[in-house]
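Participant: Sequence plus predicted model, see below.
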Amino acid sequence: MKRLMILRHGKSDWNAGAASDHARPLSRRGTGAAMTMGKLLSRLGETPDLIVTSSAVRARETALLAADAGEWGCETIEVDDLYGTSAGGALRVASRTPDEVDRLMLVGHQPTWGYLVRALTGAAVEMKTATVAAVDLRMASWRGAPEAAGTLAYLLQPRLFSDWDL
């Protein structure tokens, strides 16, 4: 069994004067939420073995801040393929993951992440900013990701943990 951890980027700063949607950075709230999720996942023993993030600035910042705050120590790979993709496109990215990786985290965008959880589990979830959904996939190899099905292991939203002493 493989676990796919699906992390939506933190809240972005619409007033940052970014040249494009792709270049929009995180807001201060988004930065804090990314760090909260990194610490929380570490505390729960739910750290990824590998992070693959969209190349959009806000997604990359979310991935790096969460990994740093949680002291994950895993590799982070940035790919253009997760920006503006579909659920199927995200699963094709996952299918390129080495099989020694048991927990893969994809960092990207709505509405794709909500569609991805639904495609894998049948569950309709609200993927607010910096929310992480973990799906246990019934497969032994990431090559099977495009045809995978699974069960929702958890759904965590940072606002539920913002007052915790993480």
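Facilitator: That came through, no problem.
Participant: contacts and neighbour counts: CA atoms only from here.
Facilitator: Noted.
Participant: List the buried residues in stretch 136-153.
Facilitator: By neighbour count with 16 or more other CA atoms under 10 Å, stretch 136-153 contains the buried residues 136-137, 139, 141-146, 148-152.
Participant: Quick one: mean pLDDT for it?
Facilitator: Throughout stretch 136-153, pLDDT has a mean value of 96.
Participant: How about stretch 62-73?
Facilitator: On average, stretch 62-73 scores 97.
Participant: could I have it exported to PDB, CA atoms only?
Facilitator: Extracted C-alpha coordinates of stretch 62-73, given in PDB (Å, rounded to 0.1, in the frame of the first residue of the first chain):
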ATOM      1  CA  THR A  62       4.200  26.000   0.900                       C
ATOM      2  CA  ALA A  63       6.200  22.800   0.300                       C
ATOM      3  CA  LEU A  64       9.500  24.300   1.500                       C
ATOM      4  CA  LEU A  65       8.100  26.000   4.600                       C
ATOM      5  CA  ALA A  66       6.200  22.900   5.700                       C
ATOM      6  CA  ALA A  67       9.300  20.700   5.200                       C
ATOM      7  CA  ASP A  68      11.500  23.100   7.000                       C
ATOM      8  CA  ALA A  69       9.100  23.700   9.900                       C
ATOM      9  CA  GLY A  70       8.500  20.000  10.300                       C
ATOM     10  CA  GLU A  71      12.200  19.100   9.800                       C
ATOM     11  CA  TRP A  72      11.200  16.400   7.300                       C
ATOM     12  CA  GLY A  73      14.600  16.100   5.600                       C
END
